[in-house]
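**Student:** Sequence and predicted structure are below.
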Amino acid sequence: MMKLAVLAAMAGSAAAFAPAPVGKTTTHLNSFEDEIGALPPVGFWDPAALSDGISQEKFDEYRLAELKHGRVAQLAVLGYIAPETYRFGYDLTPDGLVNTNDLPNGIAAINALPFLGWVQIIAFVGCVETYGWFTSPTGVLDLPDDILAKRQTAELQHGRLAMLAFLELIRHDSQNLTVPGFDGYDNLITGLPFIYN
């Protein structure tokens with residue numbers, strides 16, 4: 001055992017005098033570092049290296065997907081939180097047996113929502129996707145370049161935050177379904193108790 005310890009100490013001391021590996025340095029800058037959405041202190045952040053060696057068209061496709069996912073996540077967060085405070089109170093079925101006031105919030109609503117409720121949701125999303133509602137008539141905002149860039153960056157940042165927020169809402173609600181009352185609170189929004197009165 002003593003010989004093994006001496007051998008390990010010798011190997012460790014020999015490694016101290018070995019030449020240190022030199023990291024590869026490059027002067028090649030990522031061509032997307034000046035794109036909208038790159039903010040200090042991180043700058044252009046791509047830990048999975050998805051933008052390495054891609055064309056501008058492919059990058060624009062990725063950015064459009066990020067923007068669309070961010071918009072959907074913003075609506076998802078709003079749709080998750082709004083029923084905690086207000087319900088529209090209309091019937092989901094023609095016979096009037098299921099009302100929106102009767103549905104639970106969050107993940108529990110998935111099993112409680114009847115088929116016609118899912119049809120309404122899918123039809124609405126399909127119309128928005130097909131006809132492009134909620135856009136300006138020209139399709140672009142008529143703003144000066146600096147203000148437009150600032151607003152586009154803000155929209156990307158809000159979408160990124162909403163994606164994280166929705167993941168946390170789903171995690172919290174899933175855990176609450178598994179272990180009811182795990183956090184000791186009756187409501188999802190605990191910081192504003194007056195909204196439940």
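**Tutor:** Received, thanks.

**Student:** contacts, neighbours, all on C-alpha from now
**Tutor:** Noted.

**Student:** Wait, A165 touches A76, no?
**Tutor:** No: using CA atoms under 8 Å, A165 is not in contact with A76; the gap is 9.5 Å.

**Student:** roughly how far out does stretch 149-168 sit from the chain middle?
**Tutor:** 7 Å (CA atoms, centre = their mean, to the nearest Å).

**Student:** Now that stretch: buried residues?
**Tutor:** Using 16 or more other CA atoms under 10 Å as the test for burial, stretch 149-168 gives T153, E155, L156, Q157, H158, G159, R160, A162, M163, A165, F166.

**Student:** Show me where this structure has its strands.
**Tutor:** Here the chain has no strands by DSSP state E.

**Student:** State which helix of it is the longest.
**Tutor:** If you go by DSSP state H, the chain has its longest helix at helix 145-178.

**Student:** That one packs against which elements?
**Tutor:** Under the contact definition 3 or more CA pairs under 8 Å, 6 or more residues apart in numbering; DSSP states H and E, helix 145-178 sits against helix 56-81.

**Student:** Taking helix 145-178 as reference, get the angle to the helix it packs on.
**Tutor:** 50 degrees (axes from the mean of the first three to the mean of the last three CA atoms, to 10 degrees).

**Student:** and the gap between F124 and A165?
**Tutor:** 24 Å (CA to CA, to the nearest Å).

**Student:** C127 too?
**Tutor:** 26 Å.

**Student:** just S174 next, same as before
**Tutor:** 14 Å.

**Student:** One more: R87?
**Tutor:** From R87 over to A165 (counting by CA to CA), the distance is 22 Å.

**Student:** got it, and A109?
**Tutor:** 19 Å.

**Student:** now K58
**Tutor:** 27 Å.

**Student:** what's the answer for G106, then?
**Tutor:** From G106 over to A165 (counting by CA to CA), the distance is 14 Å.
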